[in-house]
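**Student:** just the structure for this:
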Amino acid sequence: MANERQASALAPAQPAYILRGHTSQIHSVQFVRQNRRLLTGDADGWVVYWRLESKRPLAVWRAHDATILGTAEWPSDRLITHGRDNTLRIWQLRATDEDVFSTVLPADGASLHRPKPWLLHTLPVNTLNFCAFSMCPEQYAFDQRRRPGPTPDRDAALARVSDSIIVAVPARDDKKIEVYQFPDEKLVSVVPRVESKDTGMVMAVKLAHHNPSNAAMVIAGYEGGFTAVYLLRPQRTAKSIPDFAQLIYLSQPHAQPILSLDASPDAKTYFTSAADALISAHRIPELPLNIQADSTTPMGADRLLAPAGGPKELESSGGPITRDEPSQTVDTGSAARGKKSNQPDEPAGAVPPSTSPSTSPVGLGDTAAEPPPLSFSKQPVAQGSSNSNSSFTKPAGLSALLSSAAPPSKVKPATPASSSVQVQPPYKMAQTRHAGQQSLRIRSDGRLLVTGGWDSRVRIYSSKTLKEVAVLKWHKEGVYAVDFGCILDPASVGEHSRQKSADLPPEAGDGRVAPREHGLGRLQRQREERMQLKHWVAAGAKDGKISLWEVF
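**Tutor:** Next up is the predicted model:
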């Protein structure tokens, strides 16, 4: 009893540090570089790159002309920012370049000129639904490392692919998601809308690598309270047409729009928070054998050009999609070549065209000439027959093949894979009685999750029981962004610091040994190591301040 009274008499937890410098609300906070740096973004598009050891800015620049929606780290020297100005940008910020950037904070003058990091990539994206992007290493690299047998330039290809990432962003159709591969800036997959339910627009997205199946997945949260998991098919060939992701899980745990979601480190479980007071846990189902087998085989072009949503499904998703022109002319060319053998190539379900002269296509002669290039300009009407009526009644070229095909109503399209997925209840739910918890994040050890609330509280929950274990209160206005620091191994941190010191360049270029670490440099390194090993929580709020907390 005495211990309980003593615990209740303890003062509430206070933040270890407060970082000031932004003049508008904070929308993104993220620990990068193994807890040595903190990246923050505000509603005016400013990004501040903080050094945690000194609590001072190392780089300040205006990355976007509108609100920063999200940030990410692309190891080892690149940063990704996503703004409401309809752009996603990838910057190069190397450790050797940190001294050349401006450290003048936005609060000290927004009109001052500040140099920006080197801009590597810019991708136009949709930001109407306030959904931030998600990034993970490209799954193709994992599959290639497990593929036996020698291949040409295998080492060079693996080195290139292992450095590549995939990025998921909202599509132009606000119910879809597009997945791009960088550094090639290639659209590799499209996550279609859920046909069986009206989910509303995409509100949150997460890319994760499912360890049990060695598959990349897209986890989505929707405006209607739905959440879904999609399987991405690995890219086996350098084709220009993207694949369609396959729906494997669907649930509706919330009655209000989902605000945030995050997956456990092994991606077996993920959690969602919404505008209501619920926090839900979801178990990703084991992949069926048919999905596993299908995921190892590239999807054919015929299935891609005829998805479940119709022929316009791919075009409506937007993005720089490049279609293969030979796929548009192969039927016409094969029909011309097959006229001699009376065995033309036809689409599935089509009725073979007649070989009589009265119904033979005009312009497809007995010669194996290549078809003319596709053109949309006005062309004069060819006088191929003396009978004027026949020129209007007889279709020509590819139209003859299409007109001779069976009516569309008699050909049943392939059943979409998502039709067999039913709405399932979540694995676990917790009624927190605190509406509007957003920016949900899971710690790197998978034990805790944190949320920022509209009521200015930062709440920490157990990922196993979903019970509230801590409430952090300091901000006076709503908390919009939170993040956990990584849980690091002390041995690995010390080894990394010693390796970093050993890699210092010599004072002269004649091969002399680098100078030893003395005095202030050693103390600074030791202080930085202690900062890396702490269990940090960062919170950014509407008041423009960032609070740093030490938790268990």
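**Student:** is it fair to say residue 34 lies in a helix?
**Tutor:** No: assessed with DSSP: H, G, I helix; E, B strand; the rest coil, residue 34 is coil; it does not lie in a helix.
**Student:** my read is that it contacts residue 493, right?
**Tutor:** Yes: taking CB atoms under 8 Å as the definition, residue 34 is a contact partner of residue 493 at 7.3 Å. Quick note: C-beta positions are derived from backbone N, CA and C, even for glycine.
**Student:** pass me the low-pLDDT residue ranges in the protein, would you?
**Tutor:** Across the chain, the ranges flagged by pLDDT under 70 are 1-10, 139-162, 235-239, 288-419, 494-518.
**Student:** would you map the helices across this structure?
**Tutor:** Applying DSSP state H to the chain gives helices spanning 2-9, 139-145, 154-162, 289-295, 301-305, 313-316, 326-338, 388-393, 398-403, 490-502, 519-533.
**Student:** overlap in contacts of residue 34 and residue 493?
**Tutor:** Common neighbours of residue 34 and residue 493 (criterion: CB atoms under 8 Å, 6 or more residues apart in numbering): residue 532.
**Student:** out of those two, which sits in the more crowded spot?
**Tutor:** residue 493 (18 against 15; other CB atoms under 10 Å).
**Student:** wait, doesn't residue 268 sit right on residue 213?
**Tutor:** No: look at residue 268 against residue 213 with CB under 8 Å: they stay out of range, at 10.1 Å.
**Student:** from residue 32, how far off is residue 14?
**Tutor:** Per CB to CB, to the nearest Å, residue 14 is found 25 Å from residue 32.
**Student:** so for those two, which sits in the more crowded spot?
**Tutor:** For residue 14 versus residue 32, the count of surrounding residues by other CB under 10 Å is larger for residue 32: 20 against 11.
**Student:** residue contacts, the closest residue to the more buried one other than its chain neighbours?
**Tutor:** In space, residue 32 comes closest to residue 73 once its chain neighbours are excluded; the distance is 4.2 Å by CB to CB, 6 or more residues apart in numbering. Residues in contact with residue 73 (CB under 8 Å, 6+ apart) are 30, 32, 33, 39, 79, 80.
**Student:** can you lay out the residues you listed as CSV showing distance to residue 198?
**Tutor:** As requested, the contacts of residue 73 are exported to CSV (distance: CB to CB, whole Å):
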residue, distance to residue 198
30, 33
32, 38
33, 43
39, 37
79, 37
80, 32
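**Student:** what's the farthest-apart pair in these?
**Tutor:** Checked with CB to CB, these reach their widest spread between 33 and 80, with 14.0 Å between them.
**Student:** isn't residue 443 up against residue 483?
**Tutor:** No: counting by CB under 8 Å, residue 443 sits too far from residue 483 to count as a contact (9.7 Å).
**Student:** burial of residue 433, as a residue count?
**Tutor:** Residue 433 has 8 neighbouring residues, counting by other CB under 10 Å.
**Student:** that should have said residue 420, apologies.
**Tutor:** By other CB under 10 Å, 11 other residues sit near residue 420.
**Student:** how far away is residue 33 from residue 185?
**Tutor:** In terms of CB to CB, residue 33 sits 25 Å off from residue 185.
**Student:** so between these two, which is more surrounded?
**Tutor:** Taking neighbours as other CB under 10 Å, residue 33 and residue 185 compare with residue 33 leading, 19 against 14.
**Student:** pairing partners for the nearest residue to residue 116 once chain neighbours are set aside in the sheet, please.
**Tutor:** Nearest residue to residue 116 in three dimensions, chain neighbours excluded: residue 61, at 4.5 Å (CB to CB, 6+ apart). Note on residue 61: beta-bridge partners residue 47, judged by DSSP bridges.
**Student:** quick one: residue 61 and residue 196, what's the gap?
**Tutor:** Distance from residue 61 to residue 196, by CB to CB: 45 Å.
**Student:** which one of the two has more residues nearby?
**Tutor:** residue 61 (19 against 14).
**Student:** which residues does the more buried one contact?
**Tutor:** Counted by CB under 8 Å, 6+ apart, residue 61 has contacts 46, 47, 101, 102, 114, 115, 116, 117.
**Student:** out of the residues you listed, which are buried?
**Tutor:** 46, 47, 101, 114, 116, 117 (16 or more other CB atoms under 10 Å).
**Student:** thinking the first one is in contact with residue 106, fair?
**Tutor:** What that stands for is residue 46. Yes: contact status for residue 46 versus residue 106: in contact at 4.6 Å, counting by CB under 8 Å.
**Student:** thought residue 178 was touching residue 185?
**Tutor:** No: the criterion here is CB under 8 Å, and residue 178 misses it with residue 185 at 11.8 Å.
**Student:** re the thing from before, tell me how far the residue nearest to residue 116 lies from residue 205.
**Tutor:** 26 Å.
**Student:** let me have the contacts of residue 61 in CSV, extended by distance to residue 124.
**Tutor:** As requested, those are exported to CSV (distance: CB to CB, whole Å):
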residue, distance to residue 124
46, 21
47, 19
101, 26
102, 27
114, 24
115, 24
116, 19
117, 20
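**Student:** which one of those is nearest residue 134?
**Tutor:** Closest to residue 134 out of those is residue 47 (18.3 Å), distances taken as CB to CB.
**Student:** and the closest one, what does it touch?
**Tutor:** Taking CB under 8 Å, 6+ apart, one finds 39, 40, 41, 59, 60, 61, 62, 63, 68, 71, 81 in contact with residue 47.
**Student:** kindly report the same for residue 87.
**Tutor:** 64, 122, 123, 124, 125.
**Student:** surely the fourth one touches residue 86?
**Tutor:** Just to be clear, that refers to residue 124. Yes: counting by CB under 8 Å, residue 86 is a contact partner of residue 124 at 5.8 Å.
**Student:** from the contacts of residue 47, which land in strands?
**Tutor:** Counted as lying in strands by DSSP state E, out of the contacts of residue 47, are 39, 40, 41, 59, 60, 61, 62, 68, 71, 81.
**Student:** if any of the residues you listed are buried, give me the ChimeraX selection for them.
**Tutor:** Selecting only the buried members of the ones in strands among the contacts of residue 47 in ChimeraX, with burial defined as 16+ other CB under 10 Å, works like this:
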select :39,40,41,59,60,61,62,68,71,81
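**Student:** in JSON lines: the ones in strands among the contacts of residue 47, plus distance to residue 278.
**Tutor:** Formatted as JSON lines, the ones in strands among the contacts of residue 47 follow (distance: CB to CB, whole Å):
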{"residue": "39", "distance to residue 278": "30"}
{"residue": "40", "distance to residue 278": "29"}
{"residue": "41", "distance to residue 278": "28"}
{"residue": "59", "distance to residue 278": "39"}
{"residue": "60", "distance to residue 278": "38"}
{"residue": "61", "distance to residue 278": "39"}
{"residue": "62", "distance to residue 278": "37"}
{"residue": "68", "distance to residue 278": "27"}
{"residue": "71", "distance to residue 278": "27"}
{"residue": "81", "distance to residue 278": "31"}
